[in-house]
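> Sequence and computational prediction follow.
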Amino acid sequence: MEAVHIVQGTAVPLDRSDVDTDQIIPSDWLKRVERTGFDKGLFAEWRDDPTFVMNQDEYLGANILVGGPNFGTGSSREHAVWAIQQYGFAAVVSSRFGPIFRNNCTKNGLVAVEVTQEVGDQLMAAIQADPTLELTIDVERRTLEAPALDLEVEFELSDSVQHRFLNGLDDIGLTMQEDASIGAFEASRPAFKPTTR
Amino acid sequence: MSTEARTLSQKVWDDHVVHSEDGQPDLLYVDLHLVHEVTSPQAFDGLRQNGRTVRRPDLTIATEDHNVPTENIDQPIADEISAKQVETLRVNTDEFGITNYPMGHVNQGIVHVIGPEQGLTQPGMTIVCGDSHTSTHGAFGALAFGIGTSEVEHVLATQTLIQPAQETMSITVDGVLPEGSTAKDVVLAILAACDTGGGIGAIAEFRGPVIEALSMEGRMTVCNMSIEFGAKAGLIAPDETTFEYLKGRPNAPQGADWDAAVAYWRTLKTDEGAVFDREVVIHGEDITPHVTWGTNPGQVIKLSDNVPTLDMFDDPVARDAAERALEYMGLTAGMPMKDVAVDTVFIGSCTNSRIEDLRAAAAVAEGRSVKDGMRTLVVPGSGLVKKQAEAEGLDKIFIDAGFDWREPGCSMCLAMNPDKLTEGERSASTSNRNFEGRQGRGGRTHLVSPAVAAATAIAGTFATPKDLA
Ligand code: SF4
């Protein structure tokens, strides 16, 4: 994955709660065997509607998605993260994320910023009122800032994920360095554990 | 560590730590990795691109479930993209030496049905799959959870997973269930209590007399929907019911191994005095048949209740969500749920497609007829479930009553195959998700138990078996 330090730009206000991964990328799109090309499937069921927020001219070019609470619940499909990223978003903000989605974000360098419900509501209203509102998400400082609102909040990001984000590190390569411990663990596994052969 | 009182999930977790460091997530060993066609192609591709192999093909098993048609399976899959995805799994499992049960094989089926049925799912294991309903396997006292595709690749390459510690949660269902209530109603009642977020960040342990009295099938139904209230996993301490189910299954331990395994499995329970981070208690007596009315599984009520009115929601976020859901579902607030007419009934999915589920539905269908114009699909969870059901004559009961008897797969649970709802169609479904468009664009899904689904197919409106004349 690519290193991420700062995400800066404008945002799309997706003012709905419980946007699950089936909405983010409907199951028809899961049939692809490639890792690319999911941008067109993002919110596919809503995109035909000309009034849908992502179809509004004033939000074109935004690189941050601000959602309602319970964003990314449901299915484990990582395609949801790929679709959001490939569409051009580098960060998602919500007051609560589905846990698998949030974890999938960490594997792909999509910054998931969890804020309080109050801050979420404030941002949503402010972006709706002013689509040009600039946000800055700083991975190093773990902060989200909206200077025009005089807002600066911290968000949670574990040290290990932050380290990988800042350095663009691949989990698998890191784990493979633990080969000896994995081998030792395997040697101690009880004989009654099943195999698929 | 061993002197401290621990919960069941902590014990299983501790037994799988390969590497641990303060302030860092643990590296956990994975005992069983289940693979299916949808979330794996990009993972295998990643291995190939990096010149990596599968570390333990002998701890990995694959099957085709999400895309497979449930009719005419002797023909090639008509949808080209589905066909390609299934073909890609065959190529990948061949190349990397992984056993795959293809469409038409008697062992093929929904990934969460075949693991337990093959005896591969055992107490105290860590089990992962690129699928959120992996929690199903927790019914055996295994720590089982869904992972994303990057993690699938990680497990293929290293047989381990990087996992931050989770909170623990206890969900006790005390008392006894009223007659006519099932495991599905138990988990829907749990959802009513926990909503879609109550379990986030936690591993839930289901306990109490109601849970202990459930069969393994019922326990799988409950654990299956753990993710629906946000839990990482859900599990139940293994007991005699668990051992009885496992004994003699193809991959269950035998002889001295069996004794050693059972001795270990008996230690897998929450210690006296262990403390959970969250606790929920539900009374079994209150759990009558349930049905969802909205577009997330937390929007659930008793079947005997009326569709909620907006003034019942104090929280503005919940009220907005309810308003949108009522509109999408085409329901009038305040109308009795039992007056809502249904046009499609789906009995299947990893929540409710095991033999006991089919028996429960068949018991209701026997000697009765499906309402005119009703579309009904009965989709067994696996080839073996289908075979067993046919040996018991259940297929005949369904067919005589006017139900459609199909081949195994995920089918209308998520409509990646030809079994879909069309715009505005309304289903009573034994699956686990009632999201917008989940069963087909514009489709309206209500989650129910197999008995309620069968009764609804006959009545034409939501009904319990007791409501049928
Ligand atoms: S039956 Fe439904 S929930 Fe279960 S694995 Fe298949 S698609 Fe997922």
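Received it, and whenever you're ready, just let me know what you need.

> Around the ligand, which positions in the stretch 201-350 of chain B sit nearby?
Selection of the stretch 201-350 of chain B residues close to the ligand by Cβ under 6 Å from any ligand atom yields B:Ser349, B:Cys350. Using the backbone N, CA and C atoms, a C-beta is placed for each residue, glycine as well.

> Write out the residues of the stretch 201-350 of chain B neighbouring chain A.
Neighbours of chain A within the stretch 201-350 of chain B, by Cβ under 8 Å from any Cβ of the partner chain: B:201, B:227, B:230, B:232, B:251-253, B:257-258, B:260-261, B:264, B:295-296, B:317, B:320-321, B:324.

> now, which of the residues you listed lie within strands?
Residues of these located in strands (DSSP state E): none.

> end-to-end on stretch B:238-252?
14 Å (Cα to Cα, to the nearest Å).

> Could I get the buried residue list for it?
B:Pro238, B:Asp239, B:Thr241, B:Thr242, B:Phe243, B:Tyr245, B:Leu246, B:Arg249, B:Asn251, B:Ala252 (16 or more other Cβ atoms under 10 Å in any protein chain shown).

> Taking those residues together, which two end up most distant?
The distance between the two most remote of the buried residues of stretch B:238-252 (Cβ to Cβ) is 20.2 Å, for B:Asp239 and B:Asn251.

> possible to save the buried residues of stretch B:238-252 as CSV with secondary structure and distance to A:Lys31?
Shown next, in CSV, are these (DSSP: H, G, I helix; E, B strand; the rest coil; distance: Cβ to Cβ, whole Å):
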residue, secondary structure, distance to A:Lys31
B:Pro238, coil, 37
B:Asp239, coil, 41
B:Thr241, helix, 39
B:Thr242, helix, 37
B:Phe243, helix, 40
B:Tyr245, helix, 35
B:Leu246, helix, 35
B:Arg249, coil, 33
B:Asn251, coil, 31
B:Ala252, coil, 36
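
> quick one: which of the residues you listed is nearest to A:Phe97?
Closest to A:Phe97 out of the buried residues of stretch B:238-252 is B:Pro238 (32.1 Å), distances taken as Cβ to Cβ.

> what does the helix or strand bottoming out on mean pLDDT in chain B rub up against?
Lowest on mean pLDDT, DSSP states H and E among the helices and strands of chain B sits helix B:41-49, with a mean of 93. Residues from elsewhere that reach helix B:41-49, judged by Cβ atoms under 8 Å, 6 or more residues apart in numbering or on different chains: A:33-35, A:78, A:172, B:52-54, B:85, B:88-89, B:92, B:95-96, B:130, B:149-150, B:152-153, B:156-157.

> ok, 7 Å please
Residues outside helix B:41-49 that contact it (Cβ atoms under 7 Å, 6 or more residues apart in numbering or on different chains): A:Val33, A:Arg35, B:Gln85, B:Thr88, B:Asn92, B:Phe96, B:Thr149, B:Val152, B:Glu153, B:Leu156, B:Ala157.

> same check, this time on stretch A:142-156
A:93, A:113-115, A:119, A:122-123, A:126, A:133-137, A:157.

> Can you get me the centre-to-centre distance for stretch B:192-208 and its chain?
15 Å (Cα atoms, centre = their mean, to the nearest Å).

> Oops, could you answer that again for stretch A:39-59 instead?
Counting by Cα atoms, centre = their mean, stretch A:39-59 comes out at 18 Å from the chain centroid.

> in that stretch, what's buried?
A:Gly41, A:Leu42, A:Phe43, A:Ala44, A:Glu45, A:Trp46, A:Val53, A:Met54, A:Tyr59.

> hang on, the earlier thing: will you turn the contacts of helix B:41-49 into CSV that also has pLDDT and neighbour count?
Formatted as CSV, these follow (pLDDT from 0 to 100; neighbours: other Cβ atoms under 10 Å in any protein chain shown):
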residue, pLDDT, neighbour count
A:Val33, 89, 19
A:Arg35, 86, 19
B:Gln85, 94, 24
B:Thr88, 96, 16
B:Asn92, 98, 24
B:Phe96, 98, 18
B:Thr149, 92, 27
B:Val152, 97, 29
B:Glu153, 97, 26
B:Leu156, 98, 27
B:Ala157, 98, 21
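
> Contacts for the lengthiest strand in chain B, please.
Secondary structure of chain B read by DSSP E shows that its longest strand is strand B:167-174. Under the contact criterion Cβ under 7 Å, 6+ apart, strand B:167-174 has outside partners B:7, B:9-10, B:186, B:190, B:199, B:201-211, B:231, B:276-284.

> List the buried residues of it.
So for strand B:167-174, counting by 16+ other Cβ under 10 Å, buried means B:Glu167, B:Thr168, B:Met169, B:Ser170, B:Ile171, B:Thr172, B:Val173.

> ok, of those residues, which one's closest to the ligand?
The closest of those to the ligand turns out to be B:Ile171 (Cβ to the nearest ligand atom; 20.5 Å).

> so how far is the ligand from B:Arg319?
Distance, B:Arg319 to the ligand, using Cβ to the nearest ligand atom, to the nearest Å: 29 Å.

> can you count the residues close to the closest residue to that residue other than its chain neighbours?
Leaving aside its sequence neighbours, B:Arg319 sits nearest to B:Phe313 (Cβ to Cβ, 6 or more residues apart in numbering or on different chains; 3.9 Å). As a burial measure, B:Phe313 scores 15 neighbours (other Cβ atoms under 10 Å in any protein chain shown).
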